[in-house]
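Asker: pasted the sequence and its predicted model underneath.
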Amino acid sequence: MTTVENTHTSSHTSSHTSEALVERLFAAVLATMDVQAAYLGDRLGYYRALAGGEALTSAELAVRTGTAERYTREWLEQQAVSGFLTCDDEADAARRRYTLPAGHAEALTDELSPNHILPLAKLIAGAGKQLDSLVAAYRDGGGVTWAEHGEDVREAQAAANRPLFLGELGRDILPSIADVDAALRAGGRVADIGCGHGWSAVGIALAYPAATVDGYDTDAPSIAAARRNAAEAGVGDRVRFHLADPATAAAAGERYDAVFAFECIHDLPDPVAVLASMRALAGAAAPVIVMDERVGETFAAPGDEIERLMYGYSLVCCLADGMAHEHSVGTGTVMRPSTLREYAVRAGYGGVDVLDAANDFFRFYRLTHS
């Protein structure tokens, strides 16, 4: 063994000490507490009440949010100690004033900002409520559905992608796909599969005033929210949402000028069947575009932050939802390009191309007709 190899082995081994792991997990415990506190701040309206930059006492914030002063004071002190808020040096806790810095307000309250990080905290806190059910699923091979996760996880997922769908998608990504852009500008019909709260469909309609969009999802609360969102955005006349899977539309003979699936294929118990239905909806030549996680091409350990994030989602949410259905393929969040290609070929496509659409979290794929 060479000196270089000895050095590498020694360095690698030294990172796997009890002390290093304790330090890492202790930092994770503190971070988890920050996530829980951020969830409370969002759920109780604390951040929104502080977003204007006004310095408030615990009593003033409690009155504005309809909360108990003693709990509000504890939350404010924790947030100041953790660096989320600033405060004056008043010794009397009842008179001390707290301020939300402008930069933090963007991350915690600006729902359209790409820096809006709070939905990720909400998703993790919401999924954490189902840990007992997840333990049971891990033991018996069952699952935990989106419906069981409830509103927190459903709303967090929609909110996390909202800035992308209402901004970058229509501004940069779709215009970079020439035939998609041309079809939508010409008033094409769009199918949005697994539309969730509908922000992708709304974003397409806002970016392309001549286009019409049909969103499909099997989750009733999501469809209800999508209809409200489209109406509030002023595109309810061009965006329709259907509580149905794409197979129903394909069987009815529906055809579209572009078919999309935004961050949902990895959740599906039977992705091949859904991709086949999308191919039918697209007819002989319409583009079929899939957006899914930008994970590594192959497994590697240790992984980068994106890989760790996606595995974390999979452990507590995506894999469990997929496994909740009979005969599930159990993809999980970490769907690598080779896995999607396998599904696409089995669904009758000629292949899959990775599009040149730069995004830190997602890849855009074009499924080619055979």
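Answerer: Cool, got the structure.
Asker: and residue 107, how many neighbours?
Answerer: 16 (other CB atoms under 10 Å). Glycine gets a C-beta too; all of them are placed from N, C-alpha and C.
Asker: which residues of the chain score low on pLDDT?
Answerer: 1-14 (pLDDT under 70).
Asker: find the nearest non-adjacent residue to residue 316, please.
Answerer: Nearest in space to residue 316, with sequence neighbours left out and distances taken as CB to CB, 6 or more residues apart in numbering, is residue 127 at 4.1 Å.
Asker: which of the three states applies to that neighbour?
Answerer: The three-state label given to residue 127 by DSSP: H, G, I helix; E, B strand; the rest coil is helix.
Asker: quick one: it and residue 317 touch, right?
Answerer: Yes. Look at residue 127 against residue 317 with CB atoms under 8 Å: they come within range, at 5.1 Å.
Asker: give me the common contacts of the two.
Answerer: By CB atoms under 8 Å, 6 or more residues apart in numbering, residue 127 and residue 317 have these common neighbours: 149, 153.
Asker: need the strands for the stretch 51-200 of the chain, in chain order.
Answerer: Along the stretch 51-200 of the chain, the segments classed as strands by DSSP state E, counting those that start in this stretch run 86-87, 98-99, 189-193.
Asker: most tightly surrounded among these?
Answerer: Scoring the strands of the stretch 51-200 of the chain by mean neighbour count under mean count of other CB atoms under 10 Å gives strand 189-193 as the most buried, with a mean of 26.
Asker: and the gap between the residue most central in space within the chain and residue 242?
Answerer: When CA atoms, centre = their mean is applied to the chain, the residue found nearest the centroid is residue 157 (4.1 Å). For residue 157, the distance to residue 242 (CB to CB, to the nearest Å) stands at 19 Å.
Asker: same check on residue 259?
Answerer: From residue 259 across to residue 242, the span is 14 Å (CB to CB).
Asker: neighbour count: those two, which is higher?
Answerer: Each of residue 259 and residue 242 has its neighbours counted (other CB under 10 Å); residue 259 has more, 27 against 18.
Asker: what's the longest strand in the chain?
Answerer: Of all the elements of type strand in the chain, the one with the most residues (DSSP state E) is strand 362-369.
Asker: and that strand, what's buried?
Answerer: Buried residues in strand 362-369, counted by 16 or more other CB atoms under 10 Å: 362-367.
Asker: please apply the same query to stretch 290-309.
Answerer: 290-295, 307, 309.
Asker: try stretch 172-183
Answerer: Buried, per 16+ other CB under 10 Å, within stretch 172-183: 173-175, 177, 180-181, 183.
Asker: show me the contact partners of it.
Answerer: Contact partners of stretch 172-183, identified using CB under 8 Å, 6+ apart, comprise 184, 204, 207-208, 257-258, 286-287, 289, 355-357, 359, 364, 366.
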